[in-house]
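Engineer: return atomic coordinates for the entry below.
(one chain, ligands or ions: 1)
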Amino acid sequence: MKRNLIAALLGMMAYSAFSAHAAGVTDAMIANDAQAPDNVLSWGMGTQGQRFSPLTQINTRTVGKLVPAWSFSFGGEKQRGQESQPLIYNGKMFVTGSYSRIYAIDLKTGAKLWKYEHRLPDGIMPCCDVVNRGAALYDNLVIFGTLDAQLVALEQDTGKIVWKEKVDDYAAGYSMSAAPLIANGLLLTGVSGGEFGVVGRVEARNPKTGQLVWSRPMIEGHMGYKYDQDGKATENGVTGTLNKSWPGDLWKTGGGATWLGGTYDPATKLAYFGTGNPAPWNSHLRPGDNLYSASTVALDVDTGKIKWSYQTTPHDGWDYDGVNEFVTFDMDGKRMGGKADRNGFFYVIDAKNGKLENAFPFVKKITWASSIDLKTGRPNYIDSGRPGDPTKGEEGKKGATVFAAPAFLGAKNQMPMAYSPQTKLFYVPANEWGMDIWNEPVSYKKGGAFLGAGFTIHPLNEDYIGAMRAIDPKTGKIVWEIKNSAPLWGGVMTTAGGLVFYGTPEGFLKAVDAKTGKELWKFQTGSGVVAPPVTWKDGDTQYVAVTSGWGGAVPLWGGEVAKKVNFLEQGGSVWVFKLASK
Ligand code: CA
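Structural biologist: Numbers count the residues shown, from 1 in each chain. Modelled structure (predicted):
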């Protein structure tokens, strides 16, 4: 009897092990990603995007013994910025590279299992380098977006294409660089291209087939749609109200690109997408708030409707593109979201209803607003901080130049921050810089830059631009900071081992004490780190990985700053670390 029971139990265990493998990545596994350290299934190490790991083997006492386990080169002649976060599942690492490449690597040996290199047409228009920030896993698929605005789903085991969908027209400036998000059984993606007058939107698809379920434009006045099984579209309500916050026809090319993707909180059942700058940059052409640009937009995943939105920079005139990630966390028993915005303010917002709870600067110099009114949620503008109207001077000429801080590359840009429920602090990779900015006349041309602005970025300090900062969301206080000569452009991870990991353009991956900011370990990866690290456990061993490869927007757009960092060399690799056995 007892023997039969044991045999039956063994049979069940064998069956469940088999079925877990055959079933692939499930919604339940994705919902539990942050708590299950054997895998990294989503961008953000959990769809909330906290980038916190419960692992403790690598900790403040042991991290000094961290050594490389293996390194993998992306190869090829093409290098440029590597902003990708690796995913870890079923003995494999899935990591994307520049120029829309993706690799599957054997976790034990570092050997390449397969590579997919997307064939890119001439004439793609990525504004800010040929980067990709990572993939999504679902069932037996790995899915990523490409620079010619397509989605590709590959079989995890073989790299074979299962489905491929064109999202939009690359010749009109659309591209994709963000990692897709899986939320409640749907694949959610945004689009890049805010500098070319695209219209930002969020789309939901069936992750197994690529078929559209709904689409929600982020610029007020555009129609949303839902799709039936046969792909037939029906109207699903206009976003906002036509011409309420946009004059004339400018909403038709209004920007609001959703280029960094989104986060999802199973507790609120809302997906949170940041939206980029309104187009063009010349704000005098578009009086009004220009909803829903430069905002956080909370979407009901089931219906594709906007539940709430909060605009960080109404009537943006500086490319304070509010695309930054919204990371949900618990504060005083309430579900909040933290957002370190390009405009220099850190916002704490009720994740359920969008009510502003707190807002404070996280950089030292802000010239466009003096503060955020916590009652109305609106900025207190400094009017002289806005670049001058070109129509007020000599005809056809540029308007008055102003000095503005932060620079348009932002107090924080694409590099994701981390939140530790242990220390209750956010770890924010910030930059201190400013710019001379002026406006010019401009009109929309398909496939042309749609800015109506010129600019030069300047450092604000002799000795540093980057500053890794630990920030208390309740008090707004900077608890510690570590200055960095080059602008920080890589993401952050924090762990229950009391550590914060982050990379620098100078090439180091660093581990510091999460409480004090004391540097405990660093490793030179051979090129600049502009990507977020991850950690996982395989058997008894904790691993840390990060991609390396200098690039991104700074060398392309950085003005005076670009000159300061032009000694940095390109690269393209992923590094994996573990503790030395002795
Ligand atoms: Ca922008």
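Engineer: use CA for all of it now, contacts and neighbours both
Structural biologist: Will do.
Engineer: pLDDT below threshold where in the stretch 301-450 of the chain?
Structural biologist: Along the stretch 301-450 of the chain, the model assigns pLDDT under 70 to no residue.
Engineer: can we see that at 80?
Structural biologist: Counting by pLDDT under 80, the stretch 301-450 of the chain contains low-confidence residues at 393-396.
Engineer: so Val561 belongs to a helix, correct?
Structural biologist: Yes: Val561 sits within a helix when classified using DSSP: H, G, I helix; E, B strand; the rest coil.
Engineer: and for it, the neighbour number?
Structural biologist: 19 (other C-alpha atoms under 10 Å).
Engineer: pretty sure it sits against Asn461.
Structural biologist: No: under the contact definition of C-alpha atoms under 8 Å, Val561 does not touch Asn461, with a separation of 11.2 Å.
Engineer: so where is this protein shaky, pLDDT-wise?
Structural biologist: Residues of the chain meeting the criterion pLDDT under 80: 1-23, 393-396, 582.
Engineer: and the helices in it?
Structural biologist: Under the criterion DSSP state H, the chain contains helices at 2-23, 27-31, 553-557, 560-564.
Engineer: pretty sure Ala545 sits against Val576.
Structural biologist: Yes: counting by C-alpha under 8 Å, Ala545 does reach Val576; the two are 4.3 Å apart.
Engineer: neighbour count: those two, which is higher?
Structural biologist: Neighbours per residue, other C-alpha under 10 Å: of Ala545 and Val576, the larger number sits with Ala545, 25 against 21.
Engineer: who touches Ala300 in this structure?
Structural biologist: No Ala there; residue 300 is Asp. Contact criterion C-alpha atoms under 8 Å, 6 or more residues apart in numbering gives Lys269, Leu270, Ala271, Ile306, Lys307 as the residues in contact with Asp300.
Engineer: ok, now with 6 Å
Structural biologist: Contacts were defined as C-alpha atoms under 6 Å, 6 or more residues apart in numbering; by that measure Asp300 touches Leu270, Lys307.
Engineer: tell me the bridge partners for it.
Structural biologist: Residues in a beta bridge with Asp300, per DSSP bridges, are Leu270, Lys305.
Engineer: what's the distance between it and Ala179?
Structural biologist: Using C-alpha to C-alpha, to the nearest Å, one gets 20 Å for the distance from Asp300 to Ala179.
Engineer: how about Phe72?
Structural biologist: For Phe72, the distance to Ala179 - C-alpha to C-alpha - is 21 Å.
Engineer: now do the strands in the stretch 101-250 of the chain.
Structural biologist: In the stretch 101-250 of the chain, strands defined by DSSP state E, counting those that start in this stretch lie at 101-106, 112-117, 136-138, 141-145, 150-155, 161-166, 181-183, 186-189, 201-205, 212-217, 223-227, 233-238, listed in chain order.
Engineer: mind checking which of the ones you listed is nearest Met468?
Structural biologist: Ranking the strands of the stretch 101-250 of the chain by distance to Met468, with C-alpha to C-alpha as the measure, places strand 181-183 first at 26.4 Å.
Engineer: and that closest one, how far out from the chain's middle?
Structural biologist: Put simply, strand 181-183 sits 14 Å off its chain's centre (C-alpha atoms, centre = their mean, to the nearest Å).
Engineer: so for that strand, what gets flagged as buried?
Structural biologist: For strand 181-183, a neighbour-count test (16 or more other C-alpha atoms under 10 Å) marks Leu181, Ile182, Ala183 as buried.
Engineer: got JSON lines for those, with distance to Lys483 too?
Structural biologist: Listed next are the buried residues of strand 181-183 as JSON lines, based on distance: C-alpha to C-alpha, whole Å:
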{"residue": "Leu181", "distance to Lys483": "32"}
{"residue": "Ile182", "distance to Lys483": "35"}
{"residue": "Ala183", "distance to Lys483": "36"}
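Engineer: list the contacts of Gln150.
Structural biologist: Taking C-alpha under 6 Å, 6+ apart as the contact definition, Gln150 lies against Glu165, Lys166, Val167.
Engineer: apply 8 Å and report the result again.
Structural biologist: For Gln150, the contacting residues are Lys164, Glu165, Lys166, Val167, Asp168, Ser175, Met176, by C-alpha under 8 Å, 6+ apart.
Engineer: need those residues in TSV with neighbour count and distance to Pro532, can you?
Structural biologist: As requested, these are arranged in TSV below (neighbours: other C-alpha atoms under 10 Å; distance: C-alpha to C-alpha, whole Å):
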residue	neighbour count	distance to Pro532
Lys164	17	27
Glu165	15	27
Lys166	14	28
Val167	20	26
Asp168	16	28
Ser175	29	21
Met176	32	18
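Engineer: out of those residues, the closest to Lys65 would be?
Structural biologist: Scanning the contacts of Gln150 for proximity to Lys65, where the rule is C-alpha to C-alpha, the winner is Met176, at 38.5 Å.
Engineer: does the closest one really touch Ala149, like I thought?
Structural biologist: Yes: at 5.1 Å, Met176 and Ala149 qualify as touching, with contact defined as C-alpha under 8 Å.
Engineer: overlap of the contact sets of those two?
Structural biologist: When C-alpha under 8 Å, 6+ apart defines a contact, the residues bordering Met176 and Ala149 alike are Val191.
Engineer: in JSON lines, list the contacts of Gln150 along with distance to Gly110.
Structural biologist: Written out in JSON lines, the entries for those read as follows (distance: C-alpha to C-alpha, whole Å):
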{"residue": "Lys164", "distance to Gly110": "28"}
{"residue": "Glu165", "distance to Gly110": "31"}
{"residue": "Lys166", "distance to Gly110": "32"}
{"residue": "Val167", "distance to Gly110": "33"}
{"residue": "Asp168", "distance to Gly110": "35"}
{"residue": "Ser175", "distance to Gly110": "30"}
{"residue": "Met176", "distance to Gly110": "28"}
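Engineer: for those residues, work out which two are farthest apart.
Structural biologist: Of all pairs drawn from these, the one with the longest distance (C-alpha to C-alpha) is Lys164 and Ser175, at 14.8 Å.
Engineer: show me what contacts the nearest residue to Phe345 once chain neighbours are set aside?
Structural biologist: Computed as C-alpha to C-alpha, 6 or more residues apart in numbering, the closest residue to Phe345 that is not its neighbour in sequence is Pro361, at 4.2 Å. Applying C-alpha under 8 Å, 6+ apart to Pro361 gives the contacts Gly344, Phe345, Phe346, Ser371, Gly476.
Engineer: next step: the residues you listed restricted to strands.
Structural biologist: Where these overlap with strands, as defined by DSSP state E, the overlap consists of Phe345, Phe346, Ser371.
Engineer: count of residues packed around Lys226?
Structural biologist: Counted by other C-alpha under 10 Å, the residues lying close to Lys226 total 20.
Engineer: where's it relative to Ile306, distance?
Structural biologist: Distance of Lys226 to Ile306, computed by C-alpha to C-alpha: 14 Å.
Engineer: cool, Val198 as well?
Structural biologist: As defined by C-alpha to C-alpha, Val198 lies at a distance of 20 Å from Ile306.
Engineer: ok, now Asn32?
Structural biologist: Summarising the geometry, the distance separating Asn32 from Ile306, computed by C-alpha to C-alpha, is 25 Å.
Engineer: more neighbours: which of the two?
Structural biologist: Taking neighbours as other C-alpha under 10 Å, Asn32 and Ile306 compare with Ile306 leading, 19 against 15.
Engineer: what's near enough to touch that one?
Structural biologist: Thr239, Val297, Ala298, Leu299, Asp300.
Engineer: try 7 Å this time
Structural biologist: Taking C-alpha atoms under 7 Å, 6 or more residues apart in numbering as the criterion, Ile306 is in contact with Val297, Ala298, Leu299, Asp300.
Engineer: ditto for Asp436
Structural biologist: Contacts of Asp436 by C-alpha under 7 Å, 6+ apart are Thr401, Val402, Phe403, Ala404, Phe455, Thr456, Ile457.
Engineer: try 10 Å
Structural biologist: For Asp436, the set of contacting residues under the criterion of C-alpha atoms under 10 Å, 6 or more residues apart in numbering consists of 387, 401-405, 407-408, 454-458.
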